[in-house]
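structure for this input, please:
(2 chains)
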Amino acid sequence: MAVAEAGPAADRAGEAARLMASGGNDVVVRLKGIGKVYASGALQVTALADIDLEVRRGEMVAITGPSGSGKSTLMNVLGCLDRPTAGVYELGGRNVARMGDDDLAAMRNRFLGFIFQNYNLLPLQSAQQNVELPLIYRGMSGRARREAARAALAAVGLSDRTHHRPAELSGGQQQRVAIARALAAQPEVLLGDEPTGNLDTHTGSDIMALIQRLNEQGLTVIMVTHDPRIARHCRRVVSVTDGRIVSDEAVTDRLMAEAGATAQVSA
Amino acid sequence: MNVAEAFRLAWGGILANKLRSFLTALGVIIGVGAVITLVAVGQGTTQQITQRLSALGSNLIIVFPAPNKGVRLTAADAANAQSQVPYLTASMPVVSGGVTVAWQAQSYSTSLNGVTPNYPQLRNAPVGEGSFFTAQDVQSRSLVVVLGQTVVQQLQMTGDPVGQTVSVNGYPAQVVGVQATIGGSTGGQNQDDVVLMPYTSAQRILGTAYVNQLYFQVNNGNDAALATAWLQAIFDHQFGRAQSVNVLSQDQLLSTVASTTATFTLLLGAVAGVSLLVGGIGIMNIMLVSVIERTREIGIRKAVGARRWHLLAQFLFESATLSCLGGLIGIAAGIFGARAIAQSGSYHAVVTTGSVVLAFAFAAVVGIVFGLWPAMQASRLDPIVALRHE
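Numbers count the residues shown, from 1 in each chain, chains lettered A, B, ... in the order given. Purely as a prediction, here's the structure:
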């Protein structure tokens, strides 16, 4: 289990390098001394303290920890949705820790793809339109956008569902649309927030298989999960407790999810 | 994201809840419609009154006793004044009162105007059939009448009225002529609803030695102000007190009436404008609700990279589109309303381009101004909070 051994990770960079034998060695995400303190009146709550983390291109990292451990806050910081109160966060070679809202939005748009536990699709828009969403804000023209969205939907095996609305799709299909939306923007990092949390084991396995395949193709993946089994699908597990990283190690007995009959991916 | 894209997003938001969008726009529709219709009624009334005053005759000055001054005018005063004041080319005493006119079994109450043969020229009121009475008739106090069209109709006179005898308050009078239709049937006195007679004969019938008004004509409009002042001075001197008579030139009347009706129109427009404002507040209300309702959507959009101005533009375009659409429908409703009122016959209504443009522009501004606050709320949402919103 990834959360088994606590204790400071001594040589994370070296570890990562070992893990990333097959991928590139360049660092995509670098956190240095990241802290997050919420001040509400006289009360100060430390959500994150002195977080150092590097993720290299092609890694697949799980961030685990009990609820209230700060893993969600860490995910928000990684996702450029929240600014840390201390430290440096380099994404794509730029320090985003002190960026304004609009610059953060641009970083999310350019470098990150999100998948959420509850999919977060726009209910009144078709799968195609949902996938086009980040491209609209990138300023891509209509035709290029439609083609990119179609390609992304094809990559997750939903070519025949492009005009369906989320309500007309199963949970697994909705999460595929969300993944396609993330892929369409060709992100540096795919960020998952309990991506299989709302799915049954079988469908969850399909989604993990898809994410693993995308990772094999070179996509960097970071996901938050409280489920040790899901974490074991990753190459590396970072455990967070009380706002600090308590372990950071490679997965030795990695699980490879099998795509079920419903999830035959025709890339 | 360009303007077309923002508009497309806004349009999607409008279509997502059609009934609510329509109800939101309804406030603006009613506002714009009311502005256009009411201003049209105001403008129509102004135009009508102005036309009526112009129809009084050209370069006319009217003198009548000021109320509560104990002043009475006689026919001689008209001739006297004309001889003393230059610029005056014609004068006419007018004595008027209510009479009952009868022909065969029909009788009809109308107003009697005792005038001189100058009348058709001074009042721009030509005779349609027969002829006007003559100076000789005035001198000899002949009982002859010229009837207005309305009187002829009301008495249901068959055949040619000219040559027939009617009874005016019991006095038999011979019809020598019938006026051509002047037209206009609303507001104030109907100029076709009148019986004309030599003022001497009218004085006899009405039992008075005095006249009610003196009409003067100036040779051109530029001299009207001078002539007015001169007439005032002559009569004040004659009666030994200031402001003994009211002297009104047609220009003065026109400008007085114009300013009155302009105020009237402005008032109507302002009342309608308030309803437009209320429509704007309705838009703001709905947009604020919409922002809360769509918090999650906003969070999703922000998560995938929408910047503040993207959301600002989306929501602002939505409210502006609603109000502009409401404005367009309102214009149609306003023109329709004005037509309906005009056709009902009690008011004139003239839709002016100015009121249409003004009402639409106001609606557009209202949509933008009242949409700004909700749009800013949307753009400022924290994406984390918004994504968690249920």
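
where does the stretch 1-150 of chain A come near chain B, residue by residue?
A:76, A:79, A:81-82, A:101-102, A:105-106, A:108-110, A:114, A:116, A:120-122, A:124-125, A:133-134, A:136-139 (Cβ under 8 Å from any Cβ of the partner chain). Every residue, glycine included, has its C-beta placed from N, CA and C.

return the subset of these lying in strands.
Secondary structure assignment by DSSP state E places A:Phe114, A:Phe116 of the residues of the stretch 1-150 of chain A next to chain B in strands.

mind giving me the PyMOL select for the residues of the stretch 1-150 of chain A next to chain B, buried ones only?
Written as a PyMOL command, the selection of buried residues from those, which uses 16 or more other Cβ atoms under 10 Å in any protein chain shown, is:
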select buried, chain A and resi 76+79+81+82+101+105+106+108+109+110+114+116+120+121+122+124+125+133+134+136+137+138
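
of the residues of the stretch 1-150 of chain A next to chain B, which belong to helices?
Helix and strand membership here follows DSSP state H; of the residues of the stretch 1-150 of chain A next to chain B, those in helices are A:76, A:101-102, A:105-106, A:108-110, A:133-134, A:136-138.

residues contacting B:Gly269?
Contacts were defined as Cβ atoms under 8 Å, 6 or more residues apart in numbering or on different chains; by that measure B:Gly269 touches B:Val35, B:Leu38, B:Val39, B:Gly42, B:Ser355.

now the last one: closest residue in space, sequence neighbours ignored.
The spatial neighbour of B:Ser355 that comes closest, neighbours along the chain excluded (Cβ to Cβ, 6 or more residues apart in numbering or on different chains), is B:Val39 at 4.1 Å.

what ranges do the helices span in the stretch 101-250 of chain B?
Read by DSSP state H, counting those that start in this stretch, the stretch 101-250 of chain B holds these helices, from start to end of the chain: B:119-122, B:135-139, B:149-154, B:199-206, B:224-239, B:250-293.

let's have the ones you listed in JSON lines, adding mean pLDDT.
Compiled in JSON lines, the helices of the stretch 101-250 of chain B are given as follows (pLDDT from 0 to 100):
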{"stretch": "helix B:119-122", "mean pLDDT": "88"}
{"stretch": "helix B:135-139", "mean pLDDT": "93"}
{"stretch": "helix B:149-154", "mean pLDDT": "91"}
{"stretch": "helix B:199-206", "mean pLDDT": "94"}
{"stretch": "helix B:224-239", "mean pLDDT": "90"}
{"stretch": "helix B:250-293", "mean pLDDT": "87"}
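
could you redo the ones you listed as a markdown table and give each row distance to B:Ser111?
Converted to a markdown table, the helices of the stretch 101-250 of chain B look like this (distance: least, Cβ to Cβ, whole Å):
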| stretch | distance to B:Ser111 |
| --- | --- |
| helix B:119-122 | 14 |
| helix B:135-139 | 19 |
| helix B:149-154 | 10 |
| helix B:199-206 | 11 |
| helix B:224-239 | 25 |
| helix B:250-293 | 19 |
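
among those, which is nearest B:Gly299?
Judged by Cβ to Cβ, the one of these that comes nearest to B:Gly299 is helix B:250-293, at 11.7 Å.

now do that closest one and helix B:224-239, the angle between them.
120 degrees (axes from the mean of the first three to the mean of the last three Cα atoms, to 10 degrees).

tell me the centre residue of the chain?
Assuming you mean chain A. Closest residue to the average C-alpha location of chain A: A:Leu191 at 1.2 Å, with Cα atoms, centre = their mean.

ah, I was thinking of chain B
With distances taken as Cα atoms, centre = their mean, the residue of chain B nearest its centroid is B:Thr45 (1.5 Å).

gap between that one and chain A?
Counting by Cβ to the nearest Cβ, to the nearest Å, the gap between B:Thr45 and chain A amounts to 50 Å.

hmm, that residue is touching B:Val350, no?
No. Counting by Cβ atoms under 8 Å, no contact exists between B:Thr45 and B:Val350, whose distance comes to 9.0 Å.

quick one: secondary structure of the closest residue to chain A within chain B?
The minimum distance from chain B to chain A, using Cβ to the nearest Cβ, falls at B:Gly305 (2.4 Å). When the structure is reduced to helix, strand and coil (DSSP: H, G, I helix; E, B strand; the rest coil), B:Gly305 reads as coil.

now do stretch A:142-150, average pLDDT.
Average pLDDT, stretch A:142-150: 93.

one step back: could you identify which of the contacts of B:Gly269 has the most neighbours?
When neighbours are counted as other Cβ atoms under 10 Å in any protein chain shown, the busiest of the contacts of B:Gly269 turns out to be B:Val35, with 29 neighbours.

tell me the secondary structure for that one?
Taken by three-state DSSP, the conformation at B:Val35 corresponds to helix.

distance of it from B:Ala359?
As judged by Cβ to Cβ, to the nearest Å, B:Val35 and B:Ala359 stand 4 Å apart.

same check, this time on B:Ala340
Using Cβ to Cβ, we find B:Ala340 at a distance of 17 Å from B:Ala359.

give me the more crowded residue out of those two.
Neighbour count, other Cβ under 10 Å: between B:Ala340 and B:Ala359, B:Ala359 has more, with 27 against 11.

that one and B:Ile335 touch, don't they?
No. B:Ala359 is beyond contact range of B:Ile335, at 10.9 Å (criterion: Cβ under 8 Å).

in the stretch 101-250 of chain A, which residue sits nearest chain B?
Distance from chain B to each residue of the stretch 101-250 of chain A (Cβ to the nearest Cβ) is smallest for A:Asn109, at 2.4 Å.
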